[in-house]
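K.L.:
just coords:
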């Protein structure tokens, strides 16, 4: 069966496919969801500040921001088993550091080349 929909004055024909669920059996509580949101918000605000500091010349070298990818690392950390799983990053890793509960001041110190950074 083909379903037709109009979008911007053109007709798009789509073949109906069987719907399959991609949800897992893992459920998050309201408190866990709030924790995930707060973590994503922390990462976003941190990255916005890092972008400002980079623009002001206070972060030298390159500064590849994690803006728009916060949910990826928060979800990955939520699903990870901290006793078994190891995460190795080499690019855009500020979000990973913050999602791993590292102190934001230490991460920012690392970026700005100050003492107290994680190096």
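P.N.:
Yep, it's here. Given the structure is predicted, the values throughout are model-derived calculations rather than measurements.
K.L.:
from here on, contacts and neighbour counts on C-alpha atoms
P.N.:
Will do.
K.L.:
buried ones in stretch 39-52, by neighbour count?
P.N.:
Under the neighbour-count criterion of 16 or more other CA atoms under 10 Å, stretch 39-52 has 39, 40, 42, 43, 44, 46, 47, 50, 51 buried.
K.L.:
tell me the mean pLDDT for it?
P.N.:
Averaging pLDDT along stretch 39-52 gives 96.
K.L.:
got CSV for the buried residues of stretch 39-52, with secondary structure too?
P.N.:
What follows is those, written out as CSV (DSSP: H, G, I helix; E, B strand; the rest coil):
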residue, secondary structure
39, helix
40, helix
42, helix
43, helix
44, helix
46, helix
47, helix
50, helix
51, helix
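K.L.:
ok, the residue nearest the centre of the chain - contacts?
P.N.:
The structure's the chain has its C-alpha centroid closest to residue 70; by CA atoms, centre = their mean the separation is 1.8 Å. Going by CA atoms under 8 Å, 6 or more residues apart in numbering, residue 70 touches 40, 43, 44, 95.
K.L.:
against residue 109, how distant is the first one?
P.N.:
Computed with CA to CA, to the nearest Å, the distance linking residue 40 and residue 109 is 20 Å.
K.L.:
all helices for this structure, in order.
P.N.:
In the chain, the segments counted as helices under DSSP state H are 30-55, 70-79, 94-99, 104-112.
K.L.:
closest one to residue 118 among the ones you listed?
P.N.:
helix 104-112 (5.6 Å; CA to CA).
K.L.:
which residues sit against the closest one?
P.N.:
Contacts for helix 104-112 (CA under 8 Å, 6+ apart): 46, 50, 58-60, 94, 97-98, 115-119.
K.L.:
per-residue confidence for the residue nearest to the centre of the chain?
P.N.:
95.
K.L.:
quick one: buried residues of stretch 84-97?
P.N.:
93, 94, 95, 96, 97.
K.L.:
gap between the closest residue to the last one other than its chain neighbours and residue 88?
P.N.:
The shortest distance from residue 97 to any residue other than its chain neighbours is 7.3 Å, reached at residue 107 (CA to CA, 6 or more residues apart in numbering). Relative to residue 88, residue 107 is positioned 16 Å away (CA to CA).
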